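Colleague: Prediction below, plus the sequence it came from.
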Amino acid sequence: MDKNNWKAWLYLLPAVLFLGVFMVYPLVDVFVYSFEEGYNSASQTFFGVGGYNYSYILHDPYFLQAVKNTFILVIITVPVSTGLALLISVALNSIKPLRNLYQTVYFLPYVTNTLAVGLVFMILFKKTAYSDGLINLLINWFGGESVDFIDGPYWAKMFVLCFYTVWVVMPFKILILTGALASVNQDYYNAAKVDGTSRGRIFTRITLPMISPTIFYLVITGFIGAFKAYSDAVALFGTDLNAAGMNTIVGYVYDMLYGNSDGYPSYASAAAIVLFAIVLTITCINLLISKKHVHY
Amino acid sequence: MKVVLQNLTKKFPNRNKGVRSDVIAVNNFDMEIPDGKLVSLLGPSGCGKSTALNLLSGLLKPSSGKIFFGEDDVTDLPAENRGVGLVFQNYALYPHLTVRQNIMFPLENLKGAAKLTKAQMQEKALEAAKLVQIHELMDRKPNELSGGQQQRVAITRALVKMPRLLLLDEPLSNLDARLRLQTREELRRIQNETGITTIFVTHDQEEAMSISDMIIVMKEGVIQQTGRPQDVYDSPVNLFVAKFLGTPPINVFAGEVKDGSLYIGQDKVCTVKGAANKPVWVGIRPEGFELDENGTLSCSLVGVEVMGRDITVISNNAASESGAIRAIISAENRVDTSAPVVRFNVKSNKIFLFDKETEARLDCEIG
């Protein structure tokens, strides 16, 4: 240790102070809350310490529904959105005319407000007493029967939620992937071409490995983002998500915090810690897999 | 396999605003590259030599003209079917594959009757790697190799499928001076052993001169001169070729032919037969000077660089168009550095006359 070390700490102080107060302390606090039974935020009192909060939420059908919804959402939207984004980016990268126009069009959802878009989706999919909505019109046109996507069966609601989520997260992925594709040195493609490589092989043996770090980045952030989904569900199904059966884990945390009679911060904390554990586990698994399949 | 180019032309649309005319990168190439030779395409940056190479590889389509490999017209054949090997300036090794996988990559593309088993591929890859002497590096990744090793892997990858034609695009310019020297000798050896017709693009005339059987000097998309390196050096067809070949470069003077004699400034340097009376460009190779107290060309002495084997006399002359004059003479000569003036005689086979307007070499006898 150097004598002048205090100087370094002095320089670090503002950052350490802010991070400590607004990041480390709340994190620790959430963890502490999650073990305090019967915590009351008004009186700042609790009955005891133990695992009851966890036991409660793990037996709460609303929480289990939220976990199920979240997992379905993650498992469907992350691969679908990443795959579609890759497809579109490769297509964008291989056309010359109108590329900029298409890039702009694909990027538009990113700069549009989530709630506004959710409203549009609701209008498209909703079935009311007066109108079946545009999508049902299409379904009818192809000989299908009208489905209420917003207040109807579970799978229909889940379909809309997934569809909407994919639509919302794709622009960012396309943007990143087109950037990654464009930065692959053209010489690799030329070298492969001169060596008589077929287009499919060029894609699987050169393009994919070359952009694998980017794909991996998108998958990880995609998983994390999807696990934290909340506003999308609100935009489509309103704030009472438990009643609609479309709640997510973050939605459950929110409901527990601000729900009936001042809320239950302890249950919310426990749910948040469970979410944290899930995301941590999945990310670790991702990192392990990536070691095998991501190059560099 | 010989390669024949017929009126080969490549035009690119001009990107400058308001300019309608195309940029002609390769202008009306008409030549034959003999079988089994190492040929250098030589020219300054932007002269179209890489474009010419890409036309040969099939990565670019010519605007007009034809390309023949042997007797086959390959003009419209896409790159993947031409069977050429291409080595890039930046190596273009696939960073995620090992050396072995890189070398085997072209073999894995073979289809139909040419398809190889895994064992055959391994064997061929090893064989090629041994030829280039990188067989001990087979399991490394490209980023674990030095620049010279990477370049050798790139050459191996191009060679492994036994191409009909090997194309090298500035293969040595990313290497340091010592490696460049070593790798170019290596290249010469490999080409000799395989006997594959090889075309080598470079802007470094020394590189081209030292290893090529034949050089093609280009300027602004037009072939200036082709021939054996020494022949081109000894007998340049125009001022550009004379200036481009040789280090240090040729000394250029504004001179004049008057009544059978060549004058540089007031000095009557030598006699000339068969040239009309007119101003000319005079090119004198650095090794074309001889120190002589009664020499015909007098210059004001600037300094002397002693290089061991020989010395460079640096001097000025008002008629010089290429700055200070560098004359290389044997180290046995002694130069009086305190003297203000140095006088030279000029060797008649090292002096060339060029037309003042067209810069073409003047056909005349110098005595």
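Modeller: The structure has been received and is ready for your questions.

Colleague: Would you mind listing what in chain A touches chain B?
Modeller: Residues of chain A lying close to chain B by CB under 8 Å from any CB of the partner chain are A:185, A:187-188, A:190-198, A:201, A:205-206, A:209-210, A:212, A:295-296. Placement of C-beta: from N, CA and C, glycine included.

Colleague: If we use 10 Å, what do you get?
Modeller: Within chain A, the positions adjacent to chain B are A:185-199, A:201-202, A:205-206, A:208-210, A:212, A:294-296 by CB under 10 Å from any CB of the partner chain.

Colleague: For B:A254, which three-state class applies?
Modeller: strand (DSSP: H, G, I helix; E, B strand; the rest coil).

Colleague: Give me the distance between the residue nearest to it when sequence neighbours are not counted and chain A.
Modeller: In this structure, B:A254 finds its nearest non-sequential neighbour in B:A319, 5.0 Å apart by CB to CB, 6 or more residues apart in numbering or on different chains. Separation of B:A319 from chain A (CB to the nearest CB, to the nearest Å): 47 Å.

Colleague: Now name the helix or strand holding A:I202.
Modeller: helix A:199-202 (DSSP states H and E).

Colleague: Report all helices and strands that that helix contacts.
Modeller: Helices and strands touching helix A:199-202, by 3 or more CB pairs under 10 Å, 6 or more residues apart in numbering or on different chains; DSSP states H and E, are helix A:186-194.

Colleague: tell me which residues in the helix it packs on are buried?
Modeller: A:D187, A:Y188, A:Y189, A:N190, A:A191, A:A192, A:K193, A:V194 (16 or more other CB atoms under 10 Å in any protein chain shown).

Colleague: just stretch B:297-314 next, same as before
Modeller: Buried residues in stretch B:297-314 (16+ other CB under 10 Å): B:L297, B:S298, B:C299, B:L301, B:V304, B:D310, B:I311, B:T312, B:V313, B:I314.

Colleague: Out of those residues, which sit inside strands?
Modeller: Among the buried residues of stretch B:297-314, the members found in strands (DSSP state E) are B:L297, B:S298, B:C299, B:L301, B:V304, B:D310, B:I311, B:T312, B:V313, B:I314.

Colleague: List just the nearest of these to A:F31.
Modeller: B:T312 (78.8 Å; CB to CB).

Colleague: how near is that closest one to chain A?
Modeller: 40 Å.

Colleague: just B:F29 next, same as before
Modeller: Remark: distance between B:F29 and chain A (CB to the nearest CB) = 20 Å.

Colleague: which ones are touching the nearest residue to that residue once chain neighbours are set aside?
Modeller: Distance criterion CB to CB, 6+ apart; nearest residue to B:F29, sequence neighbours excluded, is B:L8 at 3.9 Å. B:L8 makes contact with B:26-31, B:52, B:55-56, B:62-67, B:75 under the criterion CB atoms under 10 Å, 6 or more residues apart in numbering or on different chains.

Colleague: ok, now A:P79?
Modeller: Going by CB under 10 Å, 6+ apart, the list of residues near A:P79 reads A:V166, A:V219, A:G222.

Colleague: I'd assumed it was in a helix, is it?
Modeller: Yes - if the criterion is three-state DSSP, then A:P79 is within a helix.

Colleague: Can you tell me which of the contacts of A:P79 end up in helices?
Modeller: A:V166, A:V219, A:G222 (DSSP state H).

Colleague: Widest-spaced pair of the buried residues of stretch B:297-314?
Modeller: B:S298 and B:D310 (21.5 Å).

Colleague: before we move on, back to that, from the ones in strands among the buried residues of stretch B:297-314, which is closest to A:I282?
Modeller: Comparing those against A:I282 with CB to CB picks out B:T312 as the nearest, at 71.1 Å.

Colleague: Do you know the pLDDT at the closest one?
Modeller: What the model reports for B:T312 is a pLDDT of 92.

Colleague: Tell me how many other residues surround the residue nearest to A:P153 when sequence neighbours are not counted.
Modeller: Using CB to CB, 6+ apart and skipping the chain neighbours, the partner closest in space to A:P153 is A:V147 (7.2 Å). As a burial measure, A:V147 scores 20 neighbours (other CB atoms under 10 Å in any protein chain shown).

Colleague: So A:N93, which state does it fall into?
Modeller: Strictly by three-state DSSP, A:N93 counts as helix.

Colleague: likewise B:L262?
Modeller: strand.

Colleague: doesn't B:G283 make contact with it?
Modeller: No - using CB atoms under 10 Å, B:L262 is not in contact with B:G283; the gap is 11.7 Å.

Colleague: that older thread, save the contacts of A:P79 as CSV, and put in neighbour count too.
Modeller: Below are the contacts of A:P79 laid out as CSV (neighbours: other CB atoms under 10 Å in any protein chain shown):
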residue, neighbour count
A:V166, 22
A:V219, 19
A:G222, 22
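
Colleague: Quick one: name the residues of the stretch 151-300 of chain B near chain A.
Modeller: B:A154, B:R157, B:A158, B:V160, B:K161, B:P163, B:L167, B:D169.

Colleague: From these, which land in helices?
Modeller: Filtering those for helices - DSSP H - leaves B:A154, B:R157, B:A158.

Colleague: Can you tell me the SS state at whatever residue of the stretch 201-350 of chain B ends up closest to chain A?
Modeller: Using CB to the nearest CB, the closest approach of the stretch 201-350 of chain B to chain A is made by B:V201 at 14.2 Å. With three-state DSSP as the basis, B:V201 sits in strand.

Colleague: burial count for it?
Modeller: As a burial measure, B:V201 scores 27 neighbours (other CB under 10 Å).

Colleague: Would you quantify the distance from the residue nearest to B:T337 when sequence neighbours are not counted to B:A339?
Modeller: Leaving aside its chain neighbours, B:T337 sits nearest to B:V304 (5.7 Å; criterion: CB to CB, 6+ apart). Distance of B:V304 to B:A339, computed by CB to CB, to the nearest Å: 11 Å.

Colleague: one step back: what pLDDT does the residue nearest to A:P153 get?
Modeller: 79.

Colleague: Who are the contact partners of the most centrally placed residue in chain B?
Modeller: Closest to where the C-alpha atoms of chain B average out (CA atoms, centre = their mean) is B:L42, at 3.1 Å. B:L42 sits next to B:49, B:200-205, B:207-209, B:212, B:215-219, B:224-225, B:229, B:232, B:241, B:244-245 when contact means CB under 10 Å, 6+ apart.

Colleague: and the residue of the stretch 1-150 of chain A found nearest chain B, how many neighbours?
Modeller: For the stretch 1-150 of chain A, the residue closest to chain B is A:K96, as judged by CB to the nearest CB, at 13.1 Å. When neighbours are defined as other CB under 10 Å, A:K96 has 6 of them.

Colleague: Then B:K243?
Modeller: 18.

Colleague: Would you list the phi and psi of B:K347?
Modeller: Main-chain dihedrals, B:K347, degrees, to the nearest 10: phi -70, psi 130.

Colleague: what number of residues lie near the nearest residue to it once chain neighbours are set aside?
Modeller: Closest residue in space to B:K347, ignoring its immediate chain neighbours: B:G288 at 4.6 Å, by CB to CB, 6+ apart. For B:G288, the count of nearby residues is 20 (other CB under 10 Å).

Colleague: Alright, that wraps it up for me.
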